[in-house]
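Novice: coords please:
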Amino acid sequence: MQHFSKLSAPVCLSRLDAKSRLLLQALMSGASGAHRALTVFHRQQRANPDFSLSNLIETLCQDEISCPDPETGPLVVKPNVCLFSASFKQNLLLFIYLVHSVLPETTILQLLSCLSQDSHPNPWVTALCRQLRRKLGTQPDEPLYTKACSQRLQEVSECLLGSEVTGGWAKCFSSQMISSESQSTSDLAELGTQRKRRGSFVHLDSDVEETGQQSKRMKLEVDESVSAEEETTPKASESAAPAETPASDSLCDVLPEDIKVSFLQIRELLESQSEWDQSSTDVFKVLNNCNTSQVEVFCNMLRLPDLPEHTLTKLCNSILSLSPDLSYSTATSLIKSLLLEKVLTLSEPASRCLVTAVTSLCSRYPRPMCHALIESMLEEENIGHPQAELLNRLIEGCLDSHYSLLVLQMTFRITWSETVLSVIHSLLDSKPVLNEEVFTQLIQQLISQAPHFTKSLKFAKMMLTILSKYSSHVTAAHKQSLSSCLMLNETFLKKSLQAALKRITHT
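Specialist: Sure thing, here's the model as predicted:
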């Protein structure tokens, strides 16, 4: 799958089923990972009540060979989960805290044991591990904060005495930084890491986020970096909407002020239950002023995969009404964020709203749709019938010959299955214009795949379509290779295939 191409740890994806990989993707999606994973998991449970997290946890607990320092360091063996980033571990532990009731206690304890093997433990991860053990009743009296954190808290408390005058907080922290540099650079880095991650567990008041006053912001950073590790961290994630604060922090840092205002308007619009008028649609014109990274920030903070379907329809109508059209990169980011997760988690035929959204966007933006959605669907190893049905709708109703040819070439780079065969058959029925090079690639693919589909009627029918509709493309070399290929066929269409090949003559 495309979105797994840059994992932060060498987990062997072939060990995971498609649903577990989708969960893994959600957990890797930044500060909102735990919330996204919970949403995906609930959808998977509704589709299949017997779905289990065991495969994912067991794979994360399996040992993997790694090299911390590729130049000088020796090879070490560690559980897969230790090789991921600290943010992934935080998301994973928060997610498990929320769904621990569906997991055997031994499975959770095994994961915690693996995390304890981390050579550079993160304070937040340590606190979450202890909180999970406390929840399970295995270590009820162990404090959540580390000894280093306790010592730092005491130092900060002593430093704050008599700091009520203006600038006292800033003075306090400037002195802290100077003393810390002389004592321990690693402690300073740890404090900085904790400050950056404070928003994963604490919900700030939105008015405070808007002030931009440095002294107030510094006060908040200290209060939350102190309280987040002392308090019961997962309870904060249950009571407040996850990742609202990190999203707002990212907004202030990444987006210009005018785009930031538009984001707040769009968020309010998506959350409202009222009908949208023309002024509502005009808000989305800001997308034409965003670069690719800003669009990605927009999509992540708006949590587009979680939109209810009635809002999805209104959003798509607003996007389609924009003039001028969105750029390729903007449309690609938007389509991927808006539709990919919804489509990949389908366990039954797509709803009318979803079909309308996909087909309408594909008709207007076929190239971004091919690369953002269709290619990712084809790369999904266990693509199901609902996904294939949706793909066939797009092929038959939205893609012209040029884009059908592009999608056909995408199938040359994946492993074929019965479901993929039905998609290829639809592509061939749409009669894309095949040049000599592409047709030769198709024949080579047929020959290489034939041993796996000797009893497949779908494969036989697809070959019959090629021999009938594209007979003028078949060269003498093709004919000889196909003749050997047809000998492997064990379906009742074997004689028809051989007859169709025999009728092809060369002048």
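Novice: can we go C-alpha only for contacts and neighbour counts from here?
Specialist: Noted.
Novice: pretty sure Ser87 contacts Ser32?
Specialist: No - using Cα atoms under 8 Å, Ser87 is not in contact with Ser32; the gap is 10.0 Å.
Novice: For the chain, which helix or strand comes out least confident on mean pLDDT?
Specialist: Least confident helix or strand, the chain: helix 206-211 with a mean of 36, by mean pLDDT, DSSP states H and E.
Novice: count of residues packed around Val77?
Specialist: Neighbour count of Val77, defined by other Cα atoms under 10 Å: 11.
Novice: Identify the bridge partners of it.
Specialist: Ile65 (DSSP bridges).
Novice: could you measure it against Leu111, distance?
Specialist: Separation of Val77 from Leu111 (Cα to Cα, to the nearest Å): 16 Å.
Novice: ok, now Met462?
Specialist: 47 Å.
Novice: Could you do Lys479 as well?
Specialist: On the measure of Cα to Cα, Lys479 and Leu111 end up 56 Å apart.
Novice: Cys398 too?
Specialist: On the measure of Cα to Cα, Cys398 and Leu111 end up 47 Å apart.
Novice: got it, and Ser401?
Specialist: Relative to Leu111, and taking Cα to Cα, Ser401 is found at 51 Å.
Novice: repeat for Leu408
Specialist: Taking Cα to Cα, one finds Leu408 at 42 Å from Leu111.
Novice: for the helix or strand where Ser279 lies, which positions count as buried?
Specialist: Per DSSP states H and E: Ser279 is located in helix 278-282. By neighbour count on 16 or more other Cα atoms under 10 Å, the buried set for helix 278-282 is Thr281.
Novice: Just after that helix, pick out the following helix or strand.
Specialist: Next along the chain after helix 278-282, taking DSSP H and E as the criterion, comes helix 292-302.
Novice: Give me the distance between that following helix and the centre of its chain.
Specialist: Relative to its chain's centre, helix 292-302 lies at 13 Å (Cα atoms, centre = their mean, to the nearest Å).
Novice: Using CSV, list the CA coordinates for it.
Specialist: Extracted C-alpha coordinates of helix 292-302, given in CSV (Å, rounded to 0.1, in the frame of the first residue of the first chain):
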residue,chain,number,x,y,z
THR,A,292,0.6,21.2,-1.0
SER,A,293,1.9,21.1,2.6
GLN,A,294,-0.8,23.5,3.7
VAL,A,295,-3.5,21.4,2.1
GLU,A,296,-2.2,18.4,4.0
VAL,A,297,-2.3,20.3,7.3
PHE,A,298,-5.9,21.4,6.4
CYS,A,299,-7.0,17.8,5.8
ASN,A,300,-5.4,16.4,8.8
MET,A,301,-6.8,19.0,11.2
LEU,A,302,-10.3,18.8,9.7
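Novice: helices and strands around that helix, which ones?
Specialist: helix 244-254, helix 328-344 (3 or more Cα pairs under 8 Å, 6 or more residues apart in numbering; DSSP states H and E).
Novice: least reliable of those going by mean pLDDT?
Specialist: Between these, the lowest average pLDDT goes to helix 244-254, which shows a mean of 45.
Novice: Skip ahead from that one and say which helix or strand is next.
Specialist: Defined by DSSP H and E, the subsequent element after helix 244-254 is helix 257-271.
Novice: As PDB, could you dump the C-alpha coordinates of that next one?
Specialist: Provided in PDB are the C-alpha atoms of helix 257-271 (Å, rounded to 0.1, in the frame of the first residue of the first chain):
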ATOM      1  CA  GLU A 257      -3.200  34.200   9.300                       C
ATOM      2  CA  ASP A 258      -5.700  34.500   6.400                       C
ATOM      3  CA  ILE A 259      -5.700  30.800   5.800                       C
ATOM      4  CA  LYS A 260      -6.000  30.100   9.500                       C
ATOM      5  CA  VAL A 261      -9.200  32.100   9.600                       C
ATOM      6  CA  SER A 262     -10.600  30.200   6.700                       C
ATOM      7  CA  PHE A 263      -9.800  26.900   8.400                       C
ATOM      8  CA  LEU A 264     -11.700  27.900  11.500                       C
ATOM      9  CA  GLN A 265     -14.700  28.900   9.300                       C
ATOM     10  CA  ILE A 266     -14.600  25.600   7.400                       C
ATOM     11  CA  ARG A 267     -14.300  23.600  10.700                       C
ATOM     12  CA  GLU A 268     -17.400  25.400  12.000                       C
ATOM     13  CA  LEU A 269     -19.200  24.800   8.800                       C
ATOM     14  CA  LEU A 270     -18.400  21.000   8.800                       C
ATOM     15  CA  GLU A 271     -19.600  20.700  12.400                       C
END
